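Visitor: Have a look at this prediction, sequence included:
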Amino acid sequence: MTSMPETPLLTTDVIIELEGGIVLIRRRNPPLGWALPGGFVDRGEAVAAAARREAKEETGLDVELTVLLGVYSDPKRDPRGLSTASVVFVGRASGVPAGGDDAAAAQVFALDALPADIVFDHPTIIADYLQLLATGRRPPLDR
């Protein structure tokens, strides 16, 4: 019997637009720092449903997904050594974010005042989002 090859774990992240900025979460677990809300897709769960669920669990916000930004699968994207591929959405919400689940805090940041300690490949994702806003150009397909 042959074994199945190891494949990347499927994750999702959401850039939540709120009050002219975006919502980031302060991670409760390593790697510590700020991150986009997101997490692992459960077996039998659609990726968009996972994105909405993770956003709700980590920020308390109900998010309306508006754009598929891209898929990010660089094997080095997760410093914990996990091989992951993330489907990244942009969404809108209203209300006041509050950290929940594995998020110690959730906060809105102005696009010109983002924290320095953003983890994973989320600085790249945010830069791609800013490029989309400024130019309408989508990120490269090889992320």
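Guide: That came through, no problem.
Visitor: mind listing the helices for the chain?
Guide: Remark: helices assigned in the chain by DSSP state H are 47-59, 122-135.
Visitor: so what secondary structure elements neighbour the first one?
Guide: Using 3 or more CB pairs under 8 Å, 6 or more residues apart in numbering; DSSP states H and E as the contact criterion, the neighbours of helix 47-59 among helices and strands are strand 9-18, strand 21-27, strand 38-40, strand 64-72, strand 84-92, strand 103-110. Just so you know, the C-beta spots here come from the backbone N, C-alpha and C atoms, and that holds for glycine as well.
Visitor: any idea of the mean pLDDT for it?
Guide: When the per-residue pLDDT values of helix 47-59 are averaged, the result is 98.
Visitor: What lies in contact with that helix?
Guide: 10, 12-14, 16, 23, 25, 37-42, 45, 61-63, 65, 87, 89, 91, 93, 97-103, 106 (CB atoms under 8 Å, 6 or more residues apart in numbering).
Visitor: Centre of the chain to that helix, how far?
Guide: Between the mean C-alpha point of helix 47-59 and the mean C-alpha point of its chain there is a distance of 10 Å (CA atoms, centre = their mean, to the nearest Å).
Visitor: Which positions in that helix come out as buried?
Guide: Going by neighbour count (16 or more other CB atoms under 10 Å), the buried part of helix 47-59 is 47-48, 50-56, 58-59.
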